[in-house]
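**Student:** only geometry, no sequence info:
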């Protein structure tokens, strides 16, 4: 089965602090994709990043960085110098290539339960 | 601008009524999806469609129905058979590619409340 765990339900930080959101996944696929989405209070999910299982290079985009480690099945997300506008729910998601092999819909995204990040001014 | 629109933003329904949620996209994406989000939970897949005139059940299809008569439209009907319909509904679309690497892009959502 495929599963995504975001153990941190809520995190509260003060502006300018660094914060890391954890994501641990389970899959039997050798090829898979990992995603992070941001859901601000307006409700729309905003795509942040996609990573495939063969690319373990860390990625940095401005204040955002992602650490993918296959050895620990983790895909953690760090925000540096957090800002109030970063306040949102963040979802990690997994898509296995061969999900249909065990009854899953093809191209089905498996979401974690999300982490609510509150950045205080 | 290209994107996904959902209407209405808020919807109130009396018990026993069917309601239809609209989802339209002008991204020229072949695949479209409906998800349900409940407080404190991740998104769960209701229905998906990879091509016009074809759609498949997701994990929680009971009490819902869809149609895909046009590429750009994928309306979701919440029927009276859905026992707990109050939730936030999100529509997504993507270019279906082999290997699963496609990214799903989401609309702004519809919040449905049953009175």
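**Tutor:** Perfect, I can see it now. These numbers were taken from a predicted model, which means no experiment stands behind them.
**Student:** ok, residue A:111 - how many residues close by?
**Tutor:** Residue A:111: 21 surrounding residues under other Cβ atoms under 10 Å in any protein chain shown. C-beta coordinates here come from the backbone N, C-alpha and C atoms, glycine included.
**Student:** please apply the same query to residue A:60.
**Tutor:** 10.
**Student:** doesn't it lie inside a strand?
**Tutor:** Yes: Residue A:60: assigned to a strand according to DSSP: H, G, I helix; E, B strand; the rest coil.
**Student:** low-confidence bits of the chain, can you list those?
**Tutor:** Just going to use chain A. Within chain A, the stretches with pLDDT under 70 are A:97-107.
**Student:** actually chain B
**Tutor:** B:1, B:96-101.
**Student:** contacts only, for the closest residue to chain A within it.
**Tutor:** As assessed by Cβ to the nearest Cβ, chain A sits closest to residue B:42 within chain B, at 3.3 Å. Neighbouring residues of residue B:42 by Cβ atoms under 8 Å, 6 or more residues apart in numbering or on different chains: A:4, A:91, A:93, A:111, A:112, A:113, A:114.
**Student:** near chain B too, which of those residues?
**Tutor:** Among the contacts of residue B:42, proximity to chain B is found for A:4, A:91, A:93, A:111, A:112, A:113, A:114 (Cβ under 8 Å from any Cβ of the partner chain).
**Student:** filter those down to the ones in strands?
**Tutor:** Within the ones next to chain B among the contacts of residue B:42, residues falling in strands by DSSP state E are A:4, A:91, A:93, A:111.
**Student:** widest-spaced pair of those residues?
**Tutor:** Based on Cβ to Cβ, the longest span within these runs between A:4 and A:91 and measures 8.5 Å.
**Student:** what helix or strand does the most centrally placed residue in chain B sit in?
**Tutor:** By Cα atoms, centre = their mean, the mean C-alpha position of chain B lies nearest to residue B:34, the distance being 2.6 Å. For residue B:34, the enclosing helix or strand under DSSP states H and E is strand B:31-37.
**Student:** how distant is the next helix or strand after that strand from the center of its chain?
**Tutor:** Moving toward the C-terminus from strand B:31-37, the next helix or strand (DSSP H and E) is strand B:43-51. Taking Cα atoms, centre = their mean, to the nearest Å, one finds the center of strand B:43-51 at 7 Å from the center of the full chain.
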